[in-house]
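Participant: what's the 3D shape of this:
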Amino acid sequence: MIELIFKQLVETFAQLFSIVGAALIIFGGLKSILHIVLLEVAKRPYTYNHIRRELTDKIVFGLEFFIAADILSTLVAPTHEELILLGTVVVIRTLMGYFLSKEAEEYQLE
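Facilitator: Numbers count the residues shown, from 1 in each chain. Model prediction:
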């Protein structure tokens, strides 16, 4: 009984973290689109480097939520195959986050 409740709770949080990760990336993309339109049409004081930096930050933050969701999902029933898959996914997402962060540091915010 307690095991079933624990499993449901962990799965619920894993889904929540996945949704939050996707929402952050979508929000960052929509916000970037709005800023690009305001930059081009309304000549607002945005720069492409600033817009790119904000989008990259949202993507990296969203990836961290996806990693947390993957870890929680594997926590419920860790088979050997799932652990290898989790390790691979975490390494890939961590590398993506690292390189996106490094790229974002190159953009000078004005």
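Participant: ranges for the helices of this structure?
Facilitator: With DSSP state H as the criterion, the chain has helices at 2-40, 48-76, 80-106.
Participant: tabulate the ones you listed (JSON lines), appending mean pLDDT.
Facilitator: Putting the helices of the chain into JSON lines (pLDDT from 0 to 100) gives the following:
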{"stretch": "helix 2-40", "mean pLDDT": "93"}
{"stretch": "helix 48-76", "mean pLDDT": "88"}
{"stretch": "helix 80-106", "mean pLDDT": "82"}
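Participant: will you turn those into JSON lines that also has mean neighbour count?
Facilitator: Any C-beta I mention is one placed from the backbone N, CA and C, and that applies to glycine too. Converted to JSON lines, the helices of the chain look like this (neighbours: other Cβ atoms under 10 Å):
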{"stretch": "helix 2-40", "mean neighbour count": "14"}
{"stretch": "helix 48-76", "mean neighbour count": "18"}
{"stretch": "helix 80-106", "mean neighbour count": "13"}
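Participant: at the geometric centre of the protein, which residue sits there?
Facilitator: residue 62 (1.5 Å; Cα atoms, centre = their mean).
Participant: correct me, but that residue touches residue 19?
Facilitator: No. Residue 62 is beyond contact range of residue 19, at 10.5 Å (criterion: Cβ atoms under 8 Å).
Participant: quick check: closest non-adjacent residue to residue 48.
Facilitator: Leaving aside its sequence neighbours, residue 48 sits nearest to residue 39 (Cβ to Cβ, 6 or more residues apart in numbering; 7.5 Å).
Participant: go ahead and confirm the one you found touches residue 49.
Facilitator: No. Contact criterion Cβ under 8 Å: residue 39 and residue 49 do not qualify, at 11.3 Å.
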